[in-house]
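> generate a structure from the sequence data that follows.
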Amino acid sequence: MAGFTGIVAALRRADAVRPEHLFWIGIILWHCLAATFLALFPVTLYALWPDAAGVLRVSSAILAVFALERFWRSVQSRRYWRPTVGLRTVGMSLRTVDSAIALVNVAVGALGLYELALLLLLGMPAFSFGLLFTFGLDAPTEREARPPTGN
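As a prediction, the model looks like this:
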């Protein structure tokens, strides 16, 4: 949480908090909380159901559902991506590969694949953090500050 507090403090020092800032902060917070839950979930489930492969399959299914839901939401929130920078593909690729690995692991039930999927899940907040502090803290451009027109 200390890192998240630092992000919010840095944004408060910026000229203005824009909707894009809140979008990227939401991604960082949501993915980090989900990664924490998904890292601890197999341990708890294994205490109740001592079948390691089965536990990893169930955990991978939950991770895949989360990753696919996040993928769908990122498709819906295209306005917060910066297509001119060309980074939208990187974010979508992280989510696609993470979803694919988690779905494959539903069938395989391997610990290594589950750990890789968790690491890729943390790739999105790292990517969002980099994007936020590389491109997001500048003052709004004249085009962004103008109210939207009918076009």
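> longest helix in the protein, please.
helix 19-48 (DSSP state H).
> list the buried residues in it.
In terms of neighbour count (16 or more other C-beta atoms under 10 Å), helix 19-48 has its buried residues at 20-21, 23-25, 27-32, 34-35, 38, 42, 45. The way it works is simple: take the backbone N, C-alpha and C, and place the C-beta from them, glycine included.
> also stretch 109-129?
Neighbour counts over stretch 109-129 (16+ other C-beta under 10 Å) mark 109-110, 113-114, 116-118, 120-125, 127-129 as buried.
> and of those residues, the nearest to Ile101?
Ala117 (4.5 Å; C-beta to C-beta).
> one step back: now intersect the buried residues of stretch 109-129 with the strands, please.
Per DSSP state E, strands hold no members of those.
> what's the spacing between the closest residue to Phe127 other than its chain neighbours and Ala64?
Spatial nearest neighbour of Phe127, chain neighbours left out: Gly91 (5.9 Å); criterion: C-beta to C-beta, 6 or more residues apart in numbering. Distance from Gly91 to Ala64, counting by C-beta to C-beta, to the nearest Å: 18 Å.
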